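Colleague: I need the structure of the sequence given here:
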Amino acid sequence: MKKVLITMYIVIYLILQYGITLIVGMFMEFASYKDRMNDFSLSDSFSNNAYHPLRNIITFIADKNPLFILLSVGLIIGMIVLIVKQSIQMKSSELEYDSKGTHGTARWGSLRELVSDGNFKAEKSSKFFKDWTRTLGEDE
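Modeller: Prediction:
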């Protein structure tokens with residue numbers, strides 16, 4: 001279960017980091033062609049950013065690109081918050097079971113299970129009715 005969750009978090013992180021790389025790369029391309037937009041090719045720029053994400057990430061880190069750094073740090077903080085929130089939610093949603101596993105279930109416990117806890121005392125029905133009728137007679 002934990003391996004699946006860790007794998008899921010890693011995949012989500014990588015997809016979002018890839019999206020951040022594409023967004024920052026497109027923003028940088030727009031900024032470089034802002035005065036000559038006729039020369040700008042959206043498909044070439046997008047394909048260049050999409051096919052070479054590692055090269056772009058290394059370039060953004062080397063250039064100390066503030067937009068990339070802020071978005072990446074924000075993504076890491078967001079993922080940590082998501083992981084903590086989900087782990088707290090998973091812990092609170094788990095039911096606590098007693099030793100017999102009967103908490104919250106709809107089955108009837110056997111006589112042995114009920115008596116073994118010491119909360120109830122088992123008596124034969126004839127002795128119970130004899131004591132009960134005796135106590136009814138004492139009240140009069």
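Colleague: can you tell me which helix or strand the residue nearest to residue 13 when sequence neighbours are not counted belongs to?
Modeller: Residue nearest to residue 13 in three dimensions, not counting chain neighbours: residue 79, with 5.6 Å by Cβ to Cβ, 6 or more residues apart in numbering. For the C-beta atoms, the positions are set from N, CA and C on the backbone; glycine is no exception. Taking DSSP states H and E as the criterion, residue 79 maps to helix 66-93.
Colleague: what do you get for residue 24?
Modeller: Going by DSSP H and E, residue 24 is part of helix 2-32.
Colleague: Specify the residue ranges that define each domain of the chain.
Modeller: In terms of domains, the chain is parsed into 2-93, 109-140 (source: automatic domain parsing).
Colleague: distance of the nearest residue to residue 46 once chain neighbours are set aside from residue 135?
Modeller: Nearest non-adjacent residue to residue 46, counting by Cβ to Cβ, 6+ apart: residue 26, 6.7 Å away. From residue 26 over to residue 135 the distance is 87 Å, taken as Cβ to Cβ, to the nearest Å.
Colleague: more crowded one of these two?
Modeller: Set residue 26 next to residue 135 and count neighbours by other Cβ atoms under 10 Å: residue 26 wins out with 15 against 9.
Colleague: wait, isn't that one in contact with residue 49?
Modeller: Yes: Residue 26 is within contact range of residue 49, at 6.4 Å (criterion: Cβ atoms under 8 Å).
Colleague: could you dump the domains of the chain to a markdown table with mean pLDDT?
Modeller: Shown next, in a markdown table, are the domains of the chain (pLDDT from 0 to 100):
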| stretch | mean pLDDT |
| --- | --- |
| domain 2-93 | 83 |
| domain 109-140 | 77 |
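Colleague: just those: most buried one?
Modeller: Compared across these, domain 2-93 shows the largest average neighbour count, a mean of 13 (mean count of other Cβ atoms under 10 Å).
Colleague: residue contacts, the closest residue in space to residue 67 that isn't next to it in sequence?
Modeller: Nearest non-adjacent residue to residue 67, counting by Cβ to Cβ, 6+ apart: residue 24, 5.4 Å away. Taking Cβ atoms under 8 Å, 6 or more residues apart in numbering, we find residue 24 in contact with 56, 60, 65, 67, 68, 71.
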